[in-house]
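Novice: here is a sequence together with a model predicted from it:
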Amino acid sequence: MRKIDLYTKTNQLLVDCAIFAFSFLGSYLIRFEGSPPWDYSTQFLWWLPYLLIARLAVNWWTGVYRSIWRYFSIPDALALARSLALVTAVLVGLRLGYPDDAIFSSRLRIPLSIIALEFLLSLCGCSAVRTLRRMLYQHESSGIRNDEKKRKVLLVGAGRVGMTVAKEMSLNPNFELVCFLDDDPKKAGTLVHGLPVLGPSAALPAVVQQHGIDQIILCMTRPSRETLKKLWAFCDVVPVQMKIVPTLEEILSGRSNISSFRDINLADLLEREMASPAELASEVVEIYRGQRILITGAGGSIGTELAHRLSHASPSELILVDKDENGLNDVFLRAITGPGGPKVHPVVADLRSPERLQAIFSMFRPQIVFHAAAHKHVPLMELNPCEAILNNVVGMRNLVDQSIASGVDRFVLISTDKAVRPRSIMGATKRVCELLLQAQFVNGSTRHSCVRFGNVIGSRGSVIPLFQKQVAQGGPVTITHPDVERFLMTIPEAVDLVLKAGTLGNCGEIFVLDMGDPVPIIRLACDLIELSGLRPMKDIQIEITSLRPGEKLTEQLIDSPAETLRATSSDKISLVEGPPIDRVAFLQGVGSLELAALENSPRRILETLKNLNIGFESISEQAPS
């Protein structure tokens, strides 16, 4: 049997019509204590149809009936009041402006007391039925079977975020909101969205045990490391799950919403303030709107996030290039948008083929190029230096040549802190790419720039997935040296820097992000073990091995004193200024690198890299012959 919908627009109009009629009648009955004189009874009957039509028409015109009754809120009530006030203002105008001796004055001039009563009764009546509808919906939503147990939830943080989370979770039948905890002493003992604030976060263990809490929600979009560590220590005392609301960049980028709670991760434990994508949004949209954008390495972590972020910047087309078909297929499926979104073209290609690049540029005519493709595994490239040169250096040169020939508007290279005083083949190839950018784009109108940043948390092949796998297997977690430290950033931060550089760069500038101090990897391992609910060196052992080929103890963002930093228009981004290069000699050296790689001569590659004046010194214990 077909279910009858009682909450159609027609039924809503009929309900409001009845409320307006009874409110108008009630105002006369109240004004004249239940016995209105004959003249006023005639006035009521004469005005009733006109008032009903006016009320319904103005409500429709002002959008009152576009709101959903089961979600009725204060903004909806204010919109309703404004709509009702428009008709009331007309009635007041007729009362005050229509002459006493004019024709039909006795009918048109409604007493002010009746006008005021009708407005108040109509507003209260309409608000009441909408509130009742919302309460019925919440009751229906919370009606779960008796054999199902609701999860008791404690919210930490009774601010604006906490209020929003409480409002969202109150509609979920699987949760029972118990209380708030907040470190603001002024909030202790108060009610927030009907929930008591029982005290500071230090009371967490006692409150969890007293109320049988099953889950803790941390209602802070960017809590400090100290706050997280303190709360995590409290959770060690009681076996309860703790989650956190998404970060601001996750919400703004569309990857999440305020009620999509997640586990606390290592990015939350970074000690510096994250760069916010909010300051980039308007500039990104302005620069990239309507453009044809090509992304190399689109199947990687940075390339995937670039495609996702740029798809929200209204480009006309996204050309996603990668030689890894699996990664490319994943990002293609993720980047597909609905009507009005950019056209997405997945292209499987190897940058080492100039002919293939020429065909791609001829077919799609990109206006902006983001070059994220590269071999990035340091130890692996130490064992395969020829492949590193052909893929990273020759591929970069071919891409720049084709970009120049096609007259692209912007070119952005993604580099790494391993390019500074490189001690590995991979780092050396990235430094060569930085200088290639400056050496090749000599003439022409292409705006070109480079972005240099450290390790990206959660990227493919990074140390984090390795640690997670080792923890899941019960340990041990292996670290190459107790003093190893790295600059760390999140994938959204890295992509924000890339997009920002695309708006700032003009002639080969290198940009770096303020990444704070490098983080000891051993502390990173301990944090990850603790986030898994385990104890370092007790539940999970940490083993020190040895530095791998090409690996340094610490990285630098600039080659001081040869390079210096200069401020830019963005507080979080600095410009690297370095000495000029001998363009002719450098390009000849790049040609020698290609020949050595094609002839499969690792020793000649090492010699050529040392002669290129890029500060390269190999620390590999062995080189393939």
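Specialist: Yep, that arrived. What you are looking at is a predicted structure, and each value in this text was computed from that prediction instead of being measured.
Novice: mind listing what's buried along the host helix or strand of Leu84?
Specialist: Taking DSSP states H and E as the criterion, Leu84 maps to helix 74-97. Neighbour-count burial for helix 74-97, counted by 16 or more other C-beta atoms under 10 Å, picks out 76-77, 79-80, 83-84, 87-88, 91-92. C-beta coordinates here come from the backbone N, C-alpha and C atoms, glycine included.
Novice: same thing with stretch 59-76?
Specialist: 59, 64-65, 67, 69-70, 72, 76.
Novice: distance from the chain centre to it, please.
Specialist: Distance of stretch 59-76 from its chain centroid, counting by C-alpha atoms, centre = their mean, to the nearest Å, is 30 Å.
Novice: for the helix holding Leu84, packing partners?
Specialist: helix 38-61, helix 112-141 (3 or more C-beta pairs under 8 Å, 6 or more residues apart in numbering; DSSP states H and E).
Novice: any chance of the buried residues of helix 74-97 in CSV, plus pLDDT?
Specialist: Output for these, formatted as CSV (pLDDT from 0 to 100):
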residue, pLDDT
Asp76, 85
Ala77, 87
Ala79, 89
Leu80, 90
Ser83, 91
Leu84, 91
Val87, 90
Thr88, 91
Leu91, 86
Val92, 87
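Novice: kindly indicate which of the residues you listed lies nearest Glu286.
Specialist: Lowest distance from Glu286 to those (C-beta to C-beta) belongs to Ala79, with 32.5 Å.
Novice: and Arg410, how far is that from Gln291?
Specialist: Separation of Arg410 from Gln291 (C-beta to C-beta, to the nearest Å): 8 Å.
Novice: could you pull out the strands for the stretch 451-600 of the chain?
Specialist: Ranges of strands in the stretch 451-600 of the chain, per DSSP state E, counting those that start in this stretch, are 455-457, 477-479, 485-486, 488-490, 507-513, 519-520, 542-544, 564-567, 573-577.
Novice: point to the helix or strand of this structure where mean pLDDT is at its lowest.
Specialist: helix 248-252 (a mean of 52; mean pLDDT, DSSP states H and E).
Novice: could you dump stretch 80-87 to CSV, C-alpha only?
Specialist: Presented in CSV, the C-alpha positions along stretch 80-87 are these (Å, rounded to 0.1, in the frame of the first residue of the first chain):
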residue,chain,number,x,y,z
LEU,A,80,8.7,33.7,9.3
ALA,A,81,8.5,36.7,11.5
ARG,A,82,9.8,39.0,8.8
SER,A,83,7.3,37.6,6.3
LEU,A,84,4.3,38.1,8.7
ALA,A,85,5.5,41.6,9.6
LEU,A,86,5.3,42.7,5.9
VAL,A,87,1.5,42.1,5.8
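Novice: verify the contact between Leu351 and Phe361 for me.
Specialist: No: with contact defined as C-beta atoms under 8 Å, Leu351 does not reach Phe361; the gap is 11.8 Å.
Novice: looking at those two, which is more packed in?
Specialist: Using other C-beta atoms under 10 Å as the criterion, Leu351 and Phe361 rank with Leu351 on top: 26 against 20.
Novice: check which helix or strand covers the closest residue to the more buried one other than its chain neighbours.
Specialist: Closest residue in space to Leu351, ignoring its immediate chain neighbours: Gly395 at 3.3 Å, by C-beta to C-beta, 6 or more residues apart in numbering. For Gly395, the element it lies in under DSSP H and E is helix 395-406.
Novice: next SSE downstream of that helix?
Specialist: Note on helix 395-406: by DSSP H and E, the next helix or strand toward the C-terminus is strand 410-416.
Novice: for the residue lying closest to Arg421 once chain neighbours are set aside, give me its contacts.
Specialist: In space, and not counting its chain neighbours, Arg421 is closest to Gly615: 4.7 Å by C-beta to C-beta, 6+ apart. If you count contacts by C-beta atoms under 8 Å, 6 or more residues apart in numbering, Gly615 has them with 420-422, 431, 559, 562.
Novice: quick check: the farthest pair among the residues you listed?
Specialist: Farthest-apart pair in these is Pro422 and Ala562; separation 13.4 Å (C-beta to C-beta).
Novice: please identify which of these two sits among more neighbours.
Specialist: Set side by side, Pro422 and Ala562 show more neighbours around Pro422, with 25 against 12, by other C-beta under 10 Å.
Novice: doesn't Cys433 make contact with the more buried one?
Specialist: No: with contact defined as C-beta under 8 Å, Pro422 does not count as touching Cys433 (11.3 Å).
Novice: what are the ranges of the helices in the stretch 201-350 of the chain?
Specialist: 204-211, 225-237, 248-252, 278-288, 301-311, 325-335 (DSSP state H, counting those that start in this stretch).
Novice: and those helices, which one is worst for confidence?
Specialist: Averaging pLDDT over each of the helices of the stretch 201-350 of the chain singles out helix 248-252 as the lowest, with a mean of 52.
Novice: pLDDT below threshold where in the stretch 351-500 of the chain?
Specialist: By pLDDT under 70, the weakly predicted segments of the stretch 351-500 of the chain are 460-461.
Novice: could you check how far Arg66 is from Glu594?
Specialist: Arg66 is 64 Å from Glu594, by C-beta to C-beta.
Novice: so how far is Gln215 from Lys243?
Specialist: Counting by C-beta to C-beta, the gap from Lys243 to Gln215 is 7 Å.
Novice: before we move on, what about Arg583?
Specialist: From Arg583 to Gln215 the distance is 61 Å (C-beta to C-beta).
Novice: these two: who's more crowded?
Specialist: Higher neighbour count among Arg583 and Gln215: Gln215, with 16 against 13, using other C-beta under 10 Å.
Novice: so who does the more buried one touch?
Specialist: Applying C-beta under 8 Å, 6+ apart, one finds that Gln215 lies in contact with 151-154, 175, 240-243.
Novice: distance to Glu387 added to the helices and strands packed on helix 74-97, as JSON lines?
Specialist: Supplementary listing: the helices and strands packed on helix 74-97 in JSON lines, determined by distance: least, C-beta to C-beta, whole Å:
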{"stretch": "helix 38-61", "distance to Glu387": "68"}
{"stretch": "helix 112-141", "distance to Glu387": "58"}
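Novice: of all these, which one is nearest Val378?
Specialist: Closest to Val378 of those is helix 112-141 (C-beta to C-beta; 53.0 Å).
Novice: which strands or helices does the closest one pack on?
Specialist: Taking 3+ C-beta pairs under 8 Å, 6+ apart as contact, the helices and strands that helix 112-141 lies on are helix 9-31, helix 74-97.
Novice: the ones you listed: which one's closest to Ile542?
Specialist: For Ile542, the closest of the helices and strands packed on helix 112-141 is helix 74-97, at 53.2 Å, according to C-beta to C-beta.
Novice: re the thing from before, farthest-separated two in the buried residues of stretch 59-76?
Specialist: Asn59 and Arg70 (18.0 Å).
Novice: in the stretch 51-200 of the chain, where is pLDDT below threshold?
Specialist: Scanning the stretch 51-200 of the chain for pLDDT under 70 picks out the ranges 98-108, 138-149.
Novice: what about 90?
Specialist: Residues of the stretch 51-200 of the chain meeting the criterion pLDDT under 90: 51, 55, 59-60, 62-79, 90-115, 118, 129-153, 156-178, 183-195, 199-200.
Novice: ranges for the strands of the stretch 251-400 of the chain?
Specialist: In the stretch 251-400 of the chain, the strands defined using DSSP E, counting those that start in this stretch lie at 262-263, 292-296, 317-322, 343-348, 368-371.
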